[in-house]
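Asker: give me a model of this one.
(3 chains)
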Amino acid sequence: MAKVFIYPATSLILSDLVARFGHKPLGAALGIRERIQTAGVDSPPLQITPEEPKRGLKYAAVEVPSGVRGRMAIYGPLIEEAEAAIIVTEADLAFGCMGCARTDELILFSLRQSGIPILELEYPTNEEEGIRFVAAVKKFLAGLPDGGEA
Amino acid sequence: MKKVRIAQLSCGAEYSGVQKEIYEAAESVGAEVFFPDIALADVERAVKKFGLDVKSADLKLMIARALALVEGKVEADGVFIGTCFRCAEAAIVRNELRRYIPENSKLSVVSYSFTERTTAGTLLTRMEALTTIARRRALLAREEQTGITMGVDSGSSTTKAVVMKDNEIVGTGWHPTTEVIKSAESAVSDALEMAGLAREDIQAIGTTGYGRFLIGKHLGAELIQEELTVNSKGAVYLAGHQRGAATVIDIGGMDNKAISVIDGIPGTFTMGGICAGASGRFLEMTAKRLGVDITELGPLAMKGMGKNVPMNSYCIVFGTQSLVNALAAGSSPADVAAAACHSVAEQVFEQQLQEVDIKEPVIMVGGTSLIEGLVYAMGQLLQTEVVVPPNSQYIGAVGSALLASGFIKGE
Amino acid sequence: MAEYTPDYVGTVTKYVFVESPSMTPGELALRAYEASEGVLIKETCFGLQVTGEPESVDRLLEEIRSFDPTHIFVKDRGFPPGDPRRCRANLGGARPGYLGHEREFRILRYITRGLEELDRREGDEAEPAPPARGKRPLLDIKRLQELIDTEES
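Answerer: Presented below is the predicted three-dimensional model:
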């Protein structure tokens, strides 16, 4: 089972397909879950404390806005952990954890820099594209270590 | 009491770790923050309608939520707009919405750019002003002072007290703020003495400024209110411009306020100032360095040419250094005084006046409005004649006394 | 500074979305309850949220997926179900993630179609390539009209 970073990290479709075809999707929920389940200073709603943008300095310089650094504190470790990535480009209207375009650019750059296998594609807009989308994802995942049918 | 509902339009607050601070600031002034409910189709429609084609989805969400408020689909008592400091994309959205909402609705807006260091304390006065506007609209509509009332403005540098009787100022008191209560007591007794009145004659008291809670409790004040709404009221009252639009600028000892006022009620406002280099404190330092009294700084500056001295720093340390260098290089005290005034005006202009829509008349208030060099510099920057009403240094105290008359029994 | 003590430590929560002509979220919930074996199930407007030990959740999800494999979709969730910090009732509106779900929900039918077609072609070697980045053909005007009509209907 390979750890596959999904972009958008909040994507239902990617999360589902990666798990369906036998791998572990790495998305925003994992980072949030870790924070929600860790005791510490109360910082609703996401348990992201002002310390997180400071941790994000590992991934973005101090002149980068705090929201970008805070988000990178979630995604940076997941990107480091990832063994592969599936990217849906032009994924506009991904809100919340993916709602900042500057962070999203940095995530994509970090993934492309990391040297892991990456599949880049677009959301389908019709059935024909849907077939090609699922086929491409399936084929990519099957080529990863321990890949195959779930 | 029913909570004041403040709609939050923001991007990055949760991820900067400051959402909790926003919640706390709202809660401490009896307000609650909420996120206007919209559907995905609303986002797509709103972005198209508004016409600002940003890339970040959360900024699109801000736009859609703003439109839902303006169109009356979601009800709120006030609006808080917040985005990450140093984000250009967000700053554009924040500024445009800050302008758009009050122009198209009756909602008051406060906007802020935060970092991970933003605390509830920083946001408190802004949230309090939003709740005051929502809760006390009737009180803020008061245009005339009645009976005998007193207002006390406990500022970071000075404490001012004013006694008013039948719509006239009959006594004033002014003391540097050292010990908050002591300074207030001194200002109050001076004002009472000048008015020829005793404490028992006062029918209602209002307090404002940094020390408002402490002083308010000590004096048993009927009204304790933040300086944004109080100063707006005081400014248009003293300037005789209670109806229509106006802009109030108050360069204080510690921070500055720029308020866009409609009918005496703040529409949008900013508060802050990055450092003391853009405050009255810097002018005090300049006067001391030049060996003149603060009251002489203004006339001195009017004689000088600011352009002759390079000075433009929001940091009081660097600003003072420029000042020392200029004097060492042989600049005249008059030129240095003018440059210091220009420097402060420029900082306020660049950092804060961009955040509110400047509508004439521009009214300058607070102690610094007596420094005519500063008023002149501000007028030059804004290309308008700046109004300084009589007793402008007592603005907060006058506003408090005026509003306090709404609390006289039988009123 | 207030202390934070987490609930549900060590559990996982997953969303189950059902976009099916033959199964409503209510029916899905009924069948899921029967197979739950201690896993917490919460019915929602789009399907379910399931919470429990990771292994138990995986087991249940495998069973749930089998009800209607090409119409049931699963995703991780960071929060446990009904958490007041994410609850619509407390926030005054939907959390941003909900709108993201709405966005993807619209195209689930194409994914369903893809899954069905791949099942049908099982063992077929030739698989279509993904759409190339930046080379999307212009939308046919008739197709655009169709899309508009379906969106409006």
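
Asker: so which residues on chain C come close to chain B?
Answerer: C:Arg88, C:Leu91, C:Gly92, C:Gly93, C:Ala94, C:Arg95, C:Pro96, C:Leu99, C:Glu102, C:Arg103 (C-beta under 8 Å from any C-beta of the partner chain). Every C-beta, even on glycine, is put in place using the N, C-alpha and C of the backbone.

Asker: now, which of those residues sits nearest B:Arg86?
Answerer: Of all the residues of chain C next to chain B, B:Arg86 sits closest to C:Pro96, with 21.8 Å by C-beta to C-beta.

Asker: quick one on the thing from earlier: top of the residues of chain C next to chain B by neighbour count?
Answerer: Highest neighbour count within these: C:Leu99, with 25 neighbours (other C-beta atoms under 10 Å in any protein chain shown).

Asker: let me know the secondary structure of it.
Answerer: helix (DSSP: H, G, I helix; E, B strand; the rest coil).

Asker: want to throw the residues of chain C next to chain B into TSV with distance to B:Ala329?
Answerer: Converted to TSV, these look like this (distance: C-beta to C-beta, whole Å):
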residue	distance to B:Ala329
C:Arg88	65
C:Leu91	59
C:Gly92	59
C:Gly93	60
C:Ala94	62
C:Arg95	60
C:Pro96	56
C:Leu99	60
C:Glu102	65
C:Arg103	63
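
Asker: now the residues you listed as a markdown table including distance to chain A?
Answerer: Formatted as a markdown table, the residues of chain C next to chain B follow (distance: C-beta to the nearest C-beta, whole Å):
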| residue | distance to chain A |
| --- | --- |
| C:Arg88 | 12 |
| C:Leu91 | 8 |
| C:Gly92 | 13 |
| C:Gly93 | 12 |
| C:Ala94 | 10 |
| C:Arg95 | 7 |
| C:Pro96 | 3 |
| C:Leu99 | 5 |
| C:Glu102 | 9 |
| C:Arg103 | 5 |
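
Asker: so which of the residues you listed sit within strands?
Answerer: Members of those lying in strands (criterion: DSSP state E): none.

Asker: which two among those residues are spaced furthest apart?
Answerer: Maximum distance among these (C-beta to C-beta): 21.1 Å, for C:Gly92 and C:Arg103.

Asker: what about C:Met23, how many residues close to it?
Answerer: So C:Met23, with other C-beta under 10 Å, has 16 neighbours.

Asker: list the contacts of it.
Answerer: C:Phe67, C:Asp68, C:His71 (C-beta atoms under 8 Å, 6 or more residues apart in numbering or on different chains).

Asker: cool, and B:Ala337?
Answerer: B:Thr286, B:Ala287, B:Leu290, B:Val292, B:Leu297, B:Leu300, B:Ala301, B:Gly304, B:Gly373.

Asker: so which of those are also by chain A?
Answerer: Applying C-beta under 8 Å from any C-beta to the contacts of B:Ala337, none is adjacent to chain A.

Asker: which one of these is nearest to C:Tyr33?
Answerer: Nearest member of the contacts of B:Ala337 to C:Tyr33, counting by C-beta to C-beta, is B:Thr286, at 75.9 Å.

Asker: what helix or strand is the closest residue to that closest one other than its chain neighbours located in?
Answerer: Spatial nearest neighbour of B:Thr286, excluding adjacent residues (C-beta to C-beta, 6 or more residues apart in numbering or on different chains): B:Ala340 at 4.1 Å. According to DSSP states H and E, B:Ala340 maps onto helix B:333-351.

Asker: got the buried residues for that helix?
Answerer: Neighbour-count burial for helix B:333-351 flags B:333-349, B:351 (criterion: 16 or more other C-beta atoms under 10 Å in any protein chain shown).

Asker: what's whichever helix or strand comes after it in contact with?
Answerer: Going down the chain from helix B:333-351, the next helix or strand is strand B:362-365, by DSSP H and E. Contacting residues not belonging to strand B:362-365 are listed as B:231, B:234-236, B:238-239, B:241, B:246-251, B:375, B:378-379, B:382, B:384-389, B:392-393, B:395 [C-beta under 8 Å, 6+ apart].

Asker: and those residues, which of them are in helices?
Answerer: With DSSP state H as the criterion, helices contain B:Asn231, B:Gly234, B:Ala235, B:Val236, B:Leu238, B:Val375, B:Met378, B:Gly379, B:Leu382, B:Ile395 from among the contacts of strand B:362-365.

Asker: quick one: B:Glu189 from chain A, how far?
Answerer: Residue B:189: Ser, not Glu. 45 Å (C-beta to the nearest C-beta, to the nearest Å).

Asker: quick one: low-confidence parts of chain A?
Answerer: A:147-150 (pLDDT under 70).

Asker: 90 - rerun?
Answerer: Low-confidence segments of chain A (pLDDT under 90): A:89-94, A:145-150.

Asker: just give me the residue right at the centre of it.
Answerer: Taking C-alpha atoms, centre = their mean, the centroid of chain A lies closest to A:Ala9, which sits 3.3 Å from it.

Asker: residue contacts, that one?
Answerer: Counting by C-beta under 8 Å, 6+ apart, A:Ala9 makes contact with A:Leu26, A:Gly27, A:Ala28, A:Tyr75, A:Leu78, A:Cys97, A:Met98, A:Ile107.

Asker: how about the secondary structure of it?
Answerer: A:Ala9 is classified as coil under three-state DSSP.

Asker: with B:Val79 instead?
Answerer: Once three-state DSSP is applied, B:Val79 turns out strand.

Asker: next, the buried residues of stretch B:283-299.
Answerer: B:Leu283, B:Glu284, B:Met285, B:Thr286, B:Ala287, B:Arg289, B:Leu290, B:Ile294, B:Leu297, B:Gly298.

Asker: what does it contact?
Answerer: B:157, B:253, B:300, B:316, B:319-320, B:323-324, B:327, B:333, B:336-337, B:340-341, B:344, B:368, B:370-375.

Asker: for chain C, just list every one of the strands.
Answerer: Under DSSP E, chain C gives strands at C:3-4, C:12-18, C:40-43, C:47-52, C:72-77.

Asker: could I get those as JSON lines with mean neighbour count?
Answerer: Listed next are those as JSON lines, based on neighbours: other C-beta atoms under 10 Å in any protein chain shown:
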{"stretch": "strand C:3-4", "mean neighbour count": "12"}
{"stretch": "strand C:12-18", "mean neighbour count": "23"}
{"stretch": "strand C:40-43", "mean neighbour count": "17"}
{"stretch": "strand C:47-52", "mean neighbour count": "22"}
{"stretch": "strand C:72-77", "mean neighbour count": "23"}
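
Asker: can you put the ones you listed in CSV and add distance to chain A and mean pLDDT?
Answerer: Converted to CSV, those look like this (distance: least, C-beta to the nearest C-beta, whole Å; pLDDT from 0 to 100):
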stretch, distance to chain A, mean pLDDT
strand C:3-4, 4, 93
strand C:12-18, 6, 96
strand C:40-43, 15, 93
strand C:47-52, 10, 94
strand C:72-77, 4, 96
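
Asker: so for B:Glu143, which of those strands sits nearest?
Answerer: Nearest to B:Glu143 among these is strand C:3-4 (49.4 Å), distances taken as C-beta to C-beta.

Asker: just the buried residues of stretch C:76-84, please?
Answerer: In stretch C:76-84, counting by 16+ other C-beta under 10 Å, buried: C:Asp76, C:Arg77, C:Gly78, C:Phe79, C:Pro80, C:Pro81, C:Asp83.

Asker: residues near B:Cys87, how many?
Answerer: 24.

Asker: scratch that, B:Glu27 is what I was asking about
Answerer: 14.

Asker: against chain A, how distant is it?
Answerer: From B:Glu27 over to chain A (counting by C-beta to the nearest C-beta), the distance is 12 Å.

Asker: repeat for B:Leu402
Answerer: 40 Å.

Asker: ok, B:Gly196 next?
Answerer: According to C-beta to the nearest C-beta, B:Gly196 and chain A sit 54 Å apart.

Asker: check contacts around that residue.
Answerer: Neighbour list for B:Gly196: B:Val170, B:Gly171 [criterion: C-beta under 8 Å, 6+ apart].

Asker: try B:Leu123
Answerer: B:Glu21, B:Ile22, B:Ala25, B:Tyr112.
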